[in-house]
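**Q** Next come a sequence and a model predicted from it.
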Amino acid sequence: MPILSIFKSTVLLLVLLFSSCRGQEKSNNPITENVKTDTIVPIIVGANRTELYLKELQGKKVGVVANQTSVIFKKNSGHTHLVDSLLSLNVNMVKVFAPEHGFRGKADAGEHVKDSMDAKTGLPIFSLHGKNKKPTAKQLDGLDIMVFDIQDVGVRFYTYIATLQLVMEACAEGNIPVLVLDRPNPNGHYVGGPTMKNEHTGFLGMTKIPLVYGMTIGEYAQMINGEKWLKGGKKANLTIIQLKNYTHNSPYHLPIRPSPNLPNDVSITLYPSLGLFEGTNVNAGRGTEFQFQRYGASFLDSTAYDFSYVPEPNFGSKYPKEEGKNCFGEDLSKVKRMNVVSLQWLIDAYTHSLDKSKFFKTNSFTKHAGTTELQKQIESGITEEEIRKTWQTELENFKKIRKKYLVYD
């Protein structure tokens, strides 16, 4: 082979290797792929756009609803907590309000969290998942503005949107403006699942929305206001600091787990589907390092599955279902990004349950599903496709309402 050809081939090989290595680089900053050009475009979260909201906070007594996901990303890598950042910018932070799982995000799902004090800043922390889930007038006393900055995952029974609604309601009653720092929804690319019925509303679903509603937390805040879902038809004095470079089709990697049992992208994409197991006696990976990436139970037919595991207490799950028992089920840790709420795993588990009378925890399942119909449909042997058809009218009605409040194409 001529020397010139060898040289050209070597150069081409080096270019390809360099490009491949660059494609494998990892960053602490969340990114999304632009499908049309295959270039990497950084998503700028609301918290990072300080130039748009600092002036709204200066000279005021500021409260914040925050947890471990409330961060400002640094230019190259890493992040700083919003509270620390605002204090360093001479913002008068006076109170912190913590949602489910607490300010540092370490409490189990559903666990009551007590009021406390932040060891680092000395700020008082008021729990919104303890004695009360709505801020009291006394807790809000003295505040000039409330900042809400929490990473959501776009699933109705994930309680951060319930906290948002109750905070907006309390602030509307106290004439306190609310500033929402928007963040992407990793499940924001579709709408699906059963719609909440009025008679089953509660902290796992306060409004008549589908299981997956396809909105950022800022867009959803606008819907709460616009649809007059606050008590007495009140409206919060609401400001949204919007995202930059985000669309609802943008894949989004969460660099910080939003709660103890959602450790990675696979668990988050599966959460709308496997989260329904929370209303059953089947384990959905709690008590393992693959939370919401597997399911199983000791009472499922072992001959129907070639996978098993044993849940044990761990971070985020002190008392997992089926603790210490050999659970037969499926490993779903290789599932790719989903765009539907799948019922097939739930239906399969029910079908292979050796004692179907012990499968559902009816009251809990209804709260998660938002309706009594889904349990009845599964028990009667209706197929997944047939069940989906019963959702369609309500989903289409919701999409028409949703469209009024969407900010991002």
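**A** Yes, it's here.

**Q** what stretches of the stretch 51-200 of the chain score poorly on pLDDT?
**A** In the predicted model, the stretch 51-200 of the chain carries pLDDT under 70 at residues 104-115.

**Q** all helices of it, in order?
**A** Per DSSP state H, counting those that start in this stretch, the stretch 51-200 of the chain carries helices over the ranges 82-88, 137-140, 160-173.

**Q** Likewise for the stretch 251-400 of the chain?
**A** Using DSSP H, counting those that start in this stretch, the helices of the stretch 251-400 of the chain run over residues 265-274, 344-351, 362-369, 373-379, 384-403.

**Q** Would you mind finding the most buried of these?
**A** Comparing the helices of the stretch 251-400 of the chain by mean neighbour count (mean count of other Cβ atoms under 10 Å), helix 265-274 ranks first with a mean of 24. In short, each C-beta sits where N, CA and C put it, glycine included.

**Q** Could you export that helix as CSV, CA atoms only?
**A** C-alpha atoms of helix 265-274 as CSV (Å, rounded to 0.1, in the frame of the first residue of the first chain):
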residue,chain,number,x,y,z
ASP,A,265,-33.0,6.6,34.2
VAL,A,266,-34.4,3.0,33.9
SER,A,267,-36.2,3.2,37.2
ILE,A,268,-37.7,6.6,36.2
THR,A,269,-39.0,5.4,32.8
LEU,A,270,-40.5,2.3,34.4
TYR,A,271,-41.9,4.1,37.5
PRO,A,272,-45.3,4.9,35.9
SER,A,273,-45.8,1.2,35.2
LEU,A,274,-44.1,-0.5,38.1
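
**Q** Which other helices and strands does it contact?
**A** When contacts are defined as 3 or more Cβ pairs under 8 Å, 6 or more residues apart in numbering; DSSP states H and E, helix 265-274 packs onto helix 344-351.

**Q** at 7 Å instead, please
**A** With contacts taken as 3 or more Cβ pairs under 7 Å, 6 or more residues apart in numbering; DSSP states H and E, helix 265-274 sits against no other helix or strand.

**Q** buried set for stretch 243-263?
**A** Of the residues in stretch 243-263, 243-244, 246, 248, 250-255, 257-263 count as buried by neighbour count, 16 or more other Cβ atoms under 10 Å.

**Q** and for that stretch, what are the contacting residues?
**A** 28, 30, 32-33, 41-46, 49, 68-69, 71, 101, 105-106, 109, 151, 153, 182, 184, 186, 188-189, 214, 216, 265, 268, 271, 286, 291-292, 315-317, 337, 408-409 (Cβ atoms under 7 Å, 6 or more residues apart in numbering).

**Q** ChimeraX command to pick out the buried ones of the residues you listed?
**A** Selecting only the buried entries of those in ChimeraX, with 16+ other Cβ under 10 Å as the criterion:
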select :30,32,43,44,45,46,49,68,69,71,101,105,109,151,153,182,184,186,188,189,214,216,265,268,271,286,291,292,316,317,408
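
**Q** if I pick the closest residue to residue 292 other than its chain neighbours, what's in contact with it?
**A** In space, and not counting its chain neighbours, residue 292 is closest to residue 267: 4.1 Å by Cβ to Cβ, 6 or more residues apart in numbering. Shown in contact with residue 267 (Cβ under 7 Å, 6+ apart): 291, 292, 293.

**Q** quick revisit: switch the helices of the stretch 251-400 of the chain over to a markdown table; also include mean pLDDT and distance to residue 168.
**A** Output for the helices of the stretch 251-400 of the chain, formatted as a markdown table (pLDDT from 0 to 100; distance: least, Cβ to Cβ, whole Å):
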| stretch | mean pLDDT | distance to residue 168 |
| --- | --- | --- |
| helix 265-274 | 98 | 24 |
| helix 344-351 | 98 | 33 |
| helix 362-369 | 97 | 22 |
| helix 373-379 | 98 | 29 |
| helix 384-403 | 98 | 18 |
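
**Q** And the ones you listed: which comes nearest residue 229?
**A** Closest approach to residue 229 among the helices of the stretch 251-400 of the chain (Cβ to Cβ): helix 384-403, 11.2 Å.

**Q** Show me what that closest one is packed up against.
**A** strand 192-195.

**Q** any idea how far the residue nearest to residue 292 is from residue 295?
**A** Residue 267 is 12 Å from residue 295, where distance means Cβ to Cβ, to the nearest Å.

**Q** who's in contact with stretch 302-322?
**A** With Cβ under 7 Å, 6+ apart as the test, stretch 302-322 has contacts from 108, 260-261, 281, 283, 286-288, 294, 296-298, 323-331, 352.

**Q** out of the residues you listed, which are buried?
**A** 108, 260-261, 281, 283, 286-288, 294, 296-298, 323, 325, 327-331, 352.

**Q** what residues are up against residue 366?
**A** 200, 372, 375.

**Q** could you redo these as JSON lines and give each row distance to residue 162?
**A** Listed next are the contacts of residue 366 as JSON lines, based on distance: Cβ to Cβ, whole Å:
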{"residue": "200", "distance to residue 162": "13"}
{"residue": "372", "distance to residue 162": "21"}
{"residue": "375", "distance to residue 162": "22"}
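
**Q** From the opening residue of stretch 352-359 to its closing one, how far?
**A** End-to-end span of stretch 352-359 (Cα to Cα, to the nearest Å): 10 Å.

**Q** who's in contact with that stretch?
**A** Identification of contacts with stretch 352-359 by Cβ under 7 Å, 6+ apart yields 280, 281, 299, 300, 301, 304, 350.

**Q** Any quick ChimeraX command for the buried ones out of these?
**A** In ChimeraX, this line selects whichever of the contacts of stretch 352-359 come out buried by 16+ other Cβ under 10 Å:
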select :280,281,299,300,350
